[in-house]
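Engineer: here is the input, now give the coordinates:
(chains A and B)
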Amino acid sequence: MPVSVAGAYVRSGLFLLTALVLHLTLFSDLRVLGVAPEVPLAIAVTAGLAGGPERGAVAGFAIGLGIDLYLPTLFGLSALIYTVWGYTVGLLEERIFRSAWWINVLVTAAATAGGLLVYAVLGELLGEANLYTDHLYVVMGVAAAYNLVLSLPLLGLWHWSWPRLLGEER
Amino acid sequence: MATGTRTGRSRFTLIFLLLTSATLLTLDARNFEPLQRTEETLSDLISPLRSGADRVFEPVGDAWAGVTGYDELESENEMLREELQKLEGQQILDSDAAIRLESLLDQLGLPYVQDIPNVVAEVVTANIGNFDRYSVQINRGTEDGIRNGMPVVTRGGLIGRIDGDPGRGHSRVTLFTDPGFEVGVLVVGTEDVALASGGGHGEPLMVTKGLEIDTEVAIGDEVVTSGVDRSRYPPGIPIGTVTNIDYDEARLLQLLTVEPSANTDSLSFVTVLLYDPLEEGS
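Structural biologist: Take a look at the predicted model:
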C-alpha cells in the first residue's frame, strides 16, 4: 500500500533509532569469539540493496553518526564509511545484482567483511590505534556470518520503511 | 530521463554527505567544543531509551553469555576452587600480608585511597563495537562530578580512567588493557617511579621505562600507582604483582611483567575517584 513521503521518513527514522538502541543494548552482548554483530554496517548495506544508492548513503550516514556518538574513534568516521558503503552497494545492486534474494544475502556478508577492513585501514590512517590487529580477521569472519543471518529481516524492514510512495514512478 | 535525474541527485547527496562527514572528522580531530557539546546532548537524548532497553535485554545478554561462555565458566570455577583452597590454607599469612602492605604504604607516605571522594557507577555496556575492546561505558557523568582523566577502580585496584568528555549521565572508561594506556607506578619498597603500560586484552601490564637496573625488585612484589606530582592518579592504588623480571642491558633498565590485581572481565560496578591532581596540588 503506497504511503506519503513523510510517512516513509517517519518509518525510516523509527527503524534507524530502534536499530541503534538494539545495537547498543542487545546485540553488543551477543558475542561469539568476542565478536558482536555489526548491525549499523548491515543497516547501511541492506538500505543500499533495498532502496538504491541514495537511500543507502543517507541510511549509512544516519546510523553511522548515531554509532559514532558512542565509539571512542573520531566522530564522523563510521558515518563516512557507512555512507560510501551504502551508496556503493546500492549502485552495484541497481547495475549488477538486480535483487535476487540469495545474492542480497551474500552481498550483505561480503560487504560487512569489506566494510570492516576499510574501517580499520582508514581509521589507522587517521591516527586511531588498535583497529588493524590480528583480531580483525576474526571480527570480519564472525560479523559477516552474523550479518548474513540478519540480512533478510533487515531487508524486510527496509521494504516496510520504504513501501511504494504515493505518485512515485516505478 | 527520470533515471538520469535520480542518478544526478544521488551523486549530489553522496558528495554532500561525504563533505559533512569529512567536516565532522576534522572538527572532532581539532577538539571543536561546540561539536563535542552537540555529541553529548545527542547521546543524552538517547540515554533514557538506552537505559530502558538495557533493563529489558540484560537477561538475554546474560543468558547468551552463559551459553557461549560455558566452557570458560567451568574452567573459571575450577580455578576458583583451587584458589579457595590456597586461600583457606594461607588465611593467617594473608591477613599478615595485608597488614604489611598497609604499613609499607604508610612508610612511603601514601595517603589512604578511600579518603578521596568517589562515585560508584554501573557498567552499562562492556564494549559497543568490535573495535572497542579496551573501554566500557558507565552510567555516571558530569552530573556526578566526573571529568576527563579521573581514575576508575574496583576492589582489586586500578582498572582505567575516564576517557574523553563525559556526558551528563554517562562516561567512557578506557581500561588498563589498552596498549596506549600508561600509568606511573612504584614497586612497593622501592623509590624508583616507573611507567607501566597496557599489554592488550587478557595480557599483563608491562613496566618498560624508569626502573633502574640496580633497584631491588623481586617476583611477588606489589606494584601501586606512584602519584608523583601532577600524576592523574593518586598514590597507592594497587596495580598488581610482579610476575617476571627481565633486564634491558643497553638502557640499564629492568622490565617487569605485572599481573593486574583487578579483573576487567565481566565488570558490573566500578568506582570513579573524583581526583583532580591540580586541585590536590593547590
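
Engineer: list, one by one, the residues from the stretch 151-282 of chain B near chain A.
Structural biologist: Residues of the stretch 151-282 of chain B lying near chain A by CB under 8 Å from any CB of the partner chain: B:163-164, B:172, B:174, B:178-180. Just so you know, the C-beta spots here come from the backbone N, C-alpha and C atoms, and that holds for glycine as well.

Engineer: filter the residues you listed down to the ones in strands?
Structural biologist: Here DSSP state E is the test, and these give B:172, B:174 as lying in strands.

Engineer: and the residues of the stretch 151-282 of chain B next to chain A, which are buried?
Structural biologist: B:163-164, B:172, B:174, B:178-179 (16 or more other CB atoms under 10 Å in any protein chain shown).

Engineer: in a helix, B:Val223, correct?
Structural biologist: No - counting by DSSP: H, G, I helix; E, B strand; the rest coil, B:Val223 falls outside a helix, being strand.

Engineer: burial of it, as a residue count?
Structural biologist: 28 (other CB atoms under 10 Å in any protein chain shown).

Engineer: what's the local residue count around A:Tyr70?
Structural biologist: 23.

Engineer: look up the closest residue to it, ignoring the ones flanking it.
Structural biologist: The shortest distance from A:Tyr70 to any non-neighbouring residue, by CB to CB, 6 or more residues apart in numbering or on different chains, is to B:Ile128 (5.2 Å).

Engineer: for the one you found, give me its contacts.
Structural biologist: With contacts defined as CB atoms under 8 Å, 6 or more residues apart in numbering or on different chains, B:Ile128 is in contact with A:23-24, A:28, A:67, A:70-71, B:137.

Engineer: what is the nearest of the residues of the stretch 151-282 of chain B next to chain A to chain A?
Structural biologist: B:Gly180 (5.4 Å; CB to the nearest CB).

Engineer: how many residues are close by the closest residue to that closest one other than its chain neighbours?
Structural biologist: Counting by CB to CB, 6+ apart, A:Ala129 is the residue found nearest to B:Gly180 once chain neighbours are left out, at 5.4 Å. Around A:Ala129 there are 14 other residues, counting by other CB under 10 Å.

Engineer: where are the low-confidence patches of chain B?
Structural biologist: B:1-6, B:69-114, B:125-126, B:229, B:278-282 (pLDDT under 70).

Engineer: scan it for its longest strand.
Structural biologist: strand B:238-248.

Engineer: send me that one as PDB with only the CA atoms.
Structural biologist: Taking C-alpha atoms only, strand B:238-248 is exported to PDB below (Å, rounded to 0.1, in the frame of the first residue of the first chain):
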ATOM      1  CA  PRO B 238      47.000  -1.300  43.700                       C
ATOM      2  CA  ILE B 239      48.100  -2.200  40.200                       C
ATOM      3  CA  GLY B 240      49.200  -5.800  40.500                       C
ATOM      4  CA  THR B 241      52.000  -8.100  41.400                       C
ATOM      5  CA  VAL B 242      55.400  -8.600  39.700                       C
ATOM      6  CA  THR B 243      55.400 -12.000  37.900                       C
ATOM      7  CA  ASN B 244      58.500 -11.700  35.700                       C
ATOM      8  CA  ILE B 245      61.700  -9.600  35.600                       C
ATOM      9  CA  ASP B 246      63.800  -9.000  32.500                       C
ATOM     10  CA  TYR B 247      66.800  -6.700  32.000                       C
ATOM     11  CA  ASP B 248      67.500  -4.300  29.300                       C
END
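
Engineer: still on that earlier bit, let's have the residues of the stretch 151-282 of chain B next to chain A in TSV, adding distance to A:Leu155.
Structural biologist: Below are those laid out as TSV (distance: CB to CB, whole Å):
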residue	distance to A:Leu155
B:Asp163	37
B:Gly164	35
B:Arg172	33
B:Thr174	37
B:Asp178	37
B:Pro179	39
B:Gly180	39
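
Engineer: got the contact list for B:Gly145?
Structural biologist: Counting by CB under 8 Å, 6+ apart, B:Gly145 has contacts B:117, B:119, B:274.
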